[in-house]
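sharing a sequence plus its predicted fold:
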Number of protein chains: 2
Amino acid sequence: MPSTDTGFYSIIDHTVDGPATQTELVNAFAEVQERWVRFYPGYRSARFHVSTDGTRVYNIVHWETEADYRNFVETSDTEGRMAAIGAALAGLSGTAEPRMTGVPTYTVVREVGRGPQA
Amino acid sequence: MPSTDTGFYSIIDHTVDGPATQTELVNAFAEVQERWVRFYPGYRSARFHVSTDGTRVYNIVHWETEADYRNFVETSDTEGRMAAIGAALAGLSGTAEPRMTGVPTYTVVREVGRGPQA
């Protein structure tokens, strides 16, 4: 079925060197969200996904609409936020490498729900 | 705030050569979900995220619990499913390159909700 999701997402994707760095990276990015992002209109959530093998972290930030995201980008202190992210990454005990390519903004174009149970 | 999400996720991540391939890849993977996956206990949804710059596709499959996912892996026809995925990728007009590293299964460890509005 087509998706009825009108949300807008940014997905921040890193490879890391183990579970301890996963935890540090999640905590650092969560603090960035708490201090710099969650106050803006249309912000819904940031959800931190860690891989079970300890090698990867996704931060999926959900906005109500693309316009809300654009408004955030245009009216927020991008320099301050980027500096905070840079400091957070520099403060990690381990290593984290970004895996983003191009512009990390997304829409959900399709959803496949549950079928009849096997 | 800590996440209360007890779900289990697999995240299938590809780079692609443009919007037309995004659409083809989404449709191909959606068909795989519809024919091979959505019937298993604990399956909740597969959601297809396409990047606004046309270069990337994420398929995020949501299971109720890790046990449901493991049951699916152990009891489903993995060979048939992998063959269907291989055929779907081979049938694309454009190119798609996997970006997964390691085991592509995830849990949500933290969520940052809305703050007071700015």
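Good, I have the coordinates. Note that the structure is predicted; figures quoted are calculated from it, not measured.

contacts for the helix or strand bottoming out on mean pLDDT in chain A next, please.
Of all regular secondary-structure elements in chain A, judged by mean pLDDT, DSSP states H and E, the least confident is helix A:78-90 with a mean of 92. Helix A:78-90 is touched from outside by A:25, A:28, A:29, A:31, A:32, A:35, A:36, A:37, A:96, with contacts defined as CB atoms under 8 Å, 6 or more residues apart in numbering or on different chains. (C-beta placed from N, C-alpha, C; glycine too.)

how about the strands in chain A?
If you assign secondary structure with DSSP state E, the strands in chain A sit at A:8-16, A:43-51, A:56-63, A:96-98, A:105-113.

could those go into JSON lines alongside distance to residue B:114, mean neighbour count and mean pLDDT?
Formatted as JSON lines, those follow (distance: least, CB to CB, whole Å; neighbours: other CB atoms under 10 Å in any protein chain shown; pLDDT from 0 to 100):
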{"stretch": "strand A:8-16", "distance to residue B:114": "15", "mean neighbour count": "21", "mean pLDDT": "96"}
{"stretch": "strand A:43-51", "distance to residue B:114": "6", "mean neighbour count": "21", "mean pLDDT": "97"}
{"stretch": "strand A:56-63", "distance to residue B:114": "10", "mean neighbour count": "22", "mean pLDDT": "97"}
{"stretch": "strand A:96-98", "distance to residue B:114": "26", "mean neighbour count": "14", "mean pLDDT": "95"}
{"stretch": "strand A:105-113", "distance to residue B:114": "19", "mean neighbour count": "19", "mean pLDDT": "95"}
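
closest one to residue B:44 among those strands?
Taking CB to CB as the criterion, strand A:105-113 is the member of the strands of chain A that comes nearest to residue B:44, at 7.9 Å.

and that closest one, what other elements does it pack with?
Under the contact definition 3 or more CB pairs under 8 Å, 6 or more residues apart in numbering or on different chains; DSSP states H and E, strand A:105-113 sits against strand A:8-16, helix A:66-75, helix B:19-32, strand B:43-51.

and the third one, does that touch chain A?
Yes: for helix B:19-32, a contact with chain A is found by CB under 8 Å from any CB of the partner chain, at B:22, B:23, B:26, B:27, B:30.

now the first one: how far from residue B:52?
Think residue B:22. According to CB to CB, to the nearest Å, residue B:22 stands 10 Å off from residue B:52.

of the two, give the one with the bigger neighbour count.
More crowded of residue B:22 and residue B:52, by other CB atoms under 10 Å in any protein chain shown: residue B:22, with 23 against 18.

ok, now which ones touch that one?
Residue B:22 sits next to A:109, B:16, B:50, B:51, B:54, B:56, B:57 when contact means CB under 8 Å, 6+ apart.

what residue, apart from its backbone neighbours, is nearest it spatially?
On the basis of CB to CB, 6 or more residues apart in numbering or on different chains, the spatially nearest residue to residue B:22 that is not a chain neighbour turns out to be residue B:50, at 4.5 Å.

give me the beta-bridge partners of the one you found?
When bridges are called by DSSP bridges, residue B:50 pairs up with residue A:107, residue B:57.

wait, it touches residue A:106, no?
Yes: with contact defined as CB atoms under 8 Å, residue B:50 and residue A:106 form a contacting pair (6.3 Å).

please indicate which of the contacts of helix A:78-90 are buried?
By the neighbour-count criterion of 16 or more other CB atoms under 10 Å in any protein chain shown, these include these buried positions: A:25, A:28, A:29, A:32, A:36, A:37, A:96.

could those go into TSV alongside distance to chain B?
What follows is the buried ones among the contacts of helix A:78-90, written out as TSV (distance: CB to the nearest CB, whole Å):
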residue	distance to chain B
A:25	11
A:28	11
A:29	9
A:32	9
A:36	10
A:37	8
A:96	13
